[in-house]
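> Please work out how this folds:
(chains A and B)
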Amino acid sequence: METNLEARNLSGYSRGSIPRSGMVVADASRCHGCGICELACSLSHRGACGPSLASIRVLRDPLAGEFHLETCRQCAYPSCLLACPFGAITSDPKTGARVVDADKCEGCGACSRACSDDDQRKMIRSNPQNGEYFKCDLCSRRDRGPVCVEACPWGALSYVSANERRET
Amino acid sequence: MELALKYVGGRGIAARIAWDEINRGVDGFDPENRLIVMTGPLTGTLAPSSGRTAFCGVAPQTYPKPWYTRSNMGGWFGSELKYAGYDGMVIKGKAEKPVYLSVNDDSVDLVDAREIWGRDTFSTQKYLSGKHGQEAKVACIGPSGENLVRFAIVQSETENAAGQGGFGAVMGSKNLKAIVARGTGAVKIADPERFLELCLAINKDFQGSSPQERPSALPEAGVARAYGLRGAACSQSCPWRCGWMWRNVPGAAYPGINTTFMMCVAGLFRGSHQFYNWNVGEEAAVELSEVSNKLGLNHWSLLLGIIPWLRECRAEKLITEVDGQPMDFSSPRFWVELMRKISYREGFGNVLADDVPRAVDRLGKGREVAERLYPAYGFPGHWDGHGDKANPVFYPLWLVSALQWMCDTRDPFSSGHGYSQNLTRWSRVFSWEKLAKIGETVYGSAKSIDPTFPYEYKAEPAIAEQNESVLKDSLPLCDQAWPRYYSTHTDDGYARISLPGQGTVGGKSFEYHLYVAATGVKVSEDELGGCAERIFNLERAIQVRNDNRTRKVDEAIIPYFEAEENLAGPSGRKESLDRSEFLRLVDEYYGLRGWDRETGWPTREKLLELDLRDVEGQLEKLRQ
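Predicted structure coming up:
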C-alpha cells in the first residue's frame, strides 16, 4: 500500500540518510520474567507503573511456562519513522533512537500499524490515558543509559550503541 | 481516603471492612460472609516483590470454628486489578447459579460460569484467557473450592495461591468460579524519581552478586535441562527466583505432560527430605504438584499436615488404608487418587476434606498425632521447631514463633518469617556477634537474637514481627523477601542503601520510604508503624467481639511447645518449653501490647491511643 515512503516522510530523512541507532538487546536465557524492566521504563518516562505504558514488553503465557521479552529493534530502516505522515518520529542525535515528538504526534497510529500487525508485538503504542504514541527512546536523556538495563536484576538486558552495532 | 490513611491497604483495610460488616456468628459458608479481596498502595508498582493480593474473610479452615482471618498470594492478578482502577472488592451474598466476575477497566460484570463449573484451575484459566485475552489475569477455584474442601485455595496461573484458610471454598460457597481482571491503566507514583532510585538501590541490595555475574535462568545439564526447567520470578516486580518453571515433564502416575511452576513447599512432593522421604522422583513431584494446583488444594495443609498425620497414624496402626487401598506414599498413583478423593469428597477423602482437626473429631482417632503436628486454630506447624520438620528453627529461637502463634488467628507464617527464617536462619553466614548487633538495631536489644538468653527479650521481636507482618500484608510486600535486615554488601551485615544526594536509609526503614515515595502521604515512620499496630489491635478486637478470644485461647498453644523440639540446637540437647517461664513471657508480651493480662483484651487506653474510639465503644460494652 505504501509504495513511496521517502516521498511522504516529513522528518527530512531519505532511506539512506537515517542515522544508525543503538538498541537494547535481551538475553532470553537470563530473563526471569519479573517485569521489573517494564515498570522501571513506565515509571521513568511517565511517572506511573504499568506495562501498558512501557516501551519494553514481557509477553507471558504462564500456563505454557513461557515468557518472552520484546525490545524495540530501533530498525535501520524504521517503518514507524517512515510511516509517520507528520514527521513526528526522528532519530535522537545522541543514541540514534527513533523517538516520538509528542508535540507533533497527531495520534493517527500509522507508526504502530507499520511496526507490527500483532498487537502483542507492537513496539510503538498509544498511551491509553491520552492517546499519544510512545516508544523506546533508549533513555537518551538519562545519564546512566537505558533504565531497563540498569534495573534488570539478572543482567538479561544490555545496551549496544550505534557504533558497536555497526561493527557486528 | 481516611481508610487508606488509617489502615494503609491490603490486610489493613480488609480488617476495617470486616469489623464494620462481619457480625458475630457468621460462618465461612454463610452468604453473609464477606470475601474481601484487597491490593495495597504498592501493588502493581516497581517496589521489590510487591505484586500481591490479600484475601480475607471468615475462613472455613480455622478450628474449632471458622473465624475471620487472612491469606494472600503473589503473581500478577492484583496488579492487573489495580491497572483496571480498583484497590479491591468486597464480595457478599451468593449467586443462584455459577458465575465469574469480569473486571475490565470500567466495566464490571457477573458472567454465567456454568460452562466452566467443574473444570480444574488450569482449564478454567485457559477458557477465560481465550475469552478475555492473554493479558487478562485470573484468580479462580478448582473442584476443591466448588466442593467446599476446607483447605481449598484461590489459584492464579500455575502456582500462585491464597492457600491457608480455605478461601477457595468461600468462593465456592458463593458460586463464584473466578475473578478475571484486565486493566490498561497504571499506578501513578507521587515522587517518581525518588521511588525509582529507592527501588533500584533496594533491588541491588537484594542480590549477592552483580547482575552480570548472576546465574542463567537455565540449568547447566541433566534431567532439569531436558525438561526446560527455568528459574523465574513468581510475582511481578520480584528480583528473586524462589521457584522454578518445569515444562513438558512426562507424567509418572499417568501419561501426559505437565507444565507448572514449583516453589516453596511444593518441593516436598519429591519426598527426598530427611523426614518426608517417600522418594517418588522428579517427574512425579512435578505431576503431583500440578495435580494439586489443578484441583485447588493447599500444598501446605497437604504436605505438612494431612500427609504427616496419615503417615504417623499408619506407623501407630491407627489408620492403615484409604478406602481399601494400602497407604503407599511411594506410589504417585496413590497420591493422585488421594488428592482426587479429597477434592471431590469421595469416600475417606470426604473426611480428609475437612482437614485433620475435624477428621480427628469425626473418626475419634489420631488425636495425639494431630496434637503433635497442629499448634492451634486448625493449622499445621510452621517455623516453630515442632510439627514442621521442613524448616529448622531451634531453641530458644522458636520462643518467638510460639508468641507469634499465640496471638494470631491462623498460622502466622504467611507473613511472619522475619525472625525465624529471614534473620536467624538465612543470615547465619554471619557470626552470632554480628547478628546480635543487627538484633539490637532492629529489635532494640542484642538479647533478642542471642541464644544464650532464652526467655529474655523475646516478646519484643515477636511484636515487631507481628507488626511487620501486618505492614507487609497491607502494603503489600512478599514475606520471603522482606524485611530487609541483613545484607551481604555491608561490613556490619546490616542492610542499608545510599541514594544519590539523599543520604542513607537503613534496612528497617525501606518499607516506610517506599510507601511515602509512592503515595506522597505525609506520615512519619513511627506513625506508619502505628498503623500496623492499629490493624493488629483491630484484628484482635474482631476476635474478642466475634469469637470470644481470651488469654485462655492464647495459652492453648502451650502443650504443643512443651513437647520436645524436632532438632537439637547448638547445645546438642532437644529442649522444650518451660511453662512458668513462658507464662512470664506472655505477661511481658501483653504488657508491651497494652493488653489486659487477665483477659488478653486490648485495654481502653491502648485503643484510644490507636484512634480506635468506636472499636473501644463496642469492647467497653463487652467488658461490662
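
> How much space separates the spatially most central residue of chain A from A:Gln129?
With distances taken as C-alpha atoms, centre = their mean, A:Cys136 lies nearest the centre of chain A, 3.0 Å away. According to C-beta to C-beta, to the nearest Å, A:Cys136 and A:Gln129 sit 19 Å apart. Where C-beta positions appear, they are placed from N, C-alpha and C, glycine not excepted.

> swap in B:Tyr512?
29 Å.

> if you count what's nearby, which of the two comes out ahead?
Neighbour totals were compared for B:Tyr512 and A:Gln129, and B:Tyr512 leads with 19 against 15 (other C-beta atoms under 10 Å in any protein chain shown).

> so what's residue 33 closest to, chain neighbours aside?
No chain was given, so I picked chain A. A:Phe67 (3.7 Å; C-beta to C-beta, 6 or more residues apart in numbering or on different chains).

> nope, chain B
Nearest one to B:Asn33, counting by C-beta to C-beta, 6+ apart, is B:Val58 at 4.7 Å.

> Find the nearest non-adjacent residue to residue 132, please.
I'll assume chain A. Of all residues not flanking A:Glu132 in the chain, A:Ala102 sits nearest, at 5.4 Å (C-beta to C-beta, 6+ apart).

> To clarify, I was referring to chain B.
B:Val180 (5.3 Å).

> State the distance from the residue in chain A positioned nearest to chain B to B:Gly10.
When distances are taken as C-beta to the nearest C-beta, chain A reaches nearest to chain B at A:Gly50, 2.6 Å away. In this view, A:Gly50 and B:Gly10 are 19 Å apart by C-beta to C-beta.

> Which of these two has more residues huddled nearby?
Neighbours per residue, other C-beta under 10 Å: of A:Gly50 and B:Gly10, the larger number sits with B:Gly10, 33 against 25.

> Correct me if wrong: the more buried one contacts B:Met73.
No - using C-beta atoms under 8 Å, B:Gly10 makes no contact with B:Met73, being 11.6 Å away.

> What about the residue lying farthest from the centre of chain A? Give its phi and psi, please.
Most distant residue from the mean C-alpha position of chain A: A:Leu63, 27.6 Å away (C-alpha atoms, centre = their mean). Backbone torsions of A:Leu63, given as degrees, to the nearest 10, read phi -70, psi -20.

> right, and it touches B:Lys126 too?
Yes - counting by C-beta under 8 Å, B:Lys126 is a contact partner of A:Leu63 at 6.2 Å.

> And for the lengthiest helix in chain A, what's in contact with it?
Longest helix in chain A by number of residues (criterion: DSSP state H): helix A:36-46. Residues outside helix A:36-46 that contact it (C-beta atoms under 8 Å, 6 or more residues apart in numbering or on different chains) are A:48-58, A:69, A:127, A:134, A:136-137, A:139, A:142, A:147-148, A:150-153, A:157, B:45-46, B:186, B:189, B:192, B:195-196, B:199-200, B:203, B:236-237, B:239.

> same thing but at 6 Å, please
Where contact means C-beta atoms under 6 Å, 6 or more residues apart in numbering or on different chains, the residues beyond helix A:36-46 that reach it are A:48-51, A:53-56, A:58, A:147-148, A:151-152, B:46, B:192, B:196, B:237.

> Just the C-alphas of that helix, formatted as PDB.
Extracted C-alpha coordinates of helix A:36-46, given in PDB (Å, rounded to 0.1, in the frame of the first residue of the first chain):
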ATOM      1  CA  ILE A  36      10.900  -5.000  36.500                       C
ATOM      2  CA  CYS A  37      12.100  -3.700  33.200                       C
ATOM      3  CA  GLU A  38       8.600  -2.700  32.200                       C
ATOM      4  CA  LEU A  39       7.800  -0.900  35.400                       C
ATOM      5  CA  ALA A  40      11.100   0.900  35.600                       C
ATOM      6  CA  CYS A  41      10.500   2.100  32.000                       C
ATOM      7  CA  SER A  42       7.000   3.400  32.600                       C
ATOM      8  CA  LEU A  43       8.000   4.900  35.900                       C
ATOM      9  CA  SER A  44      11.000   6.700  34.500                       C
ATOM     10  CA  HIS A  45       9.200   8.000  31.400                       C
ATOM     11  CA  ARG A  46       5.700   8.600  32.600                       C
END
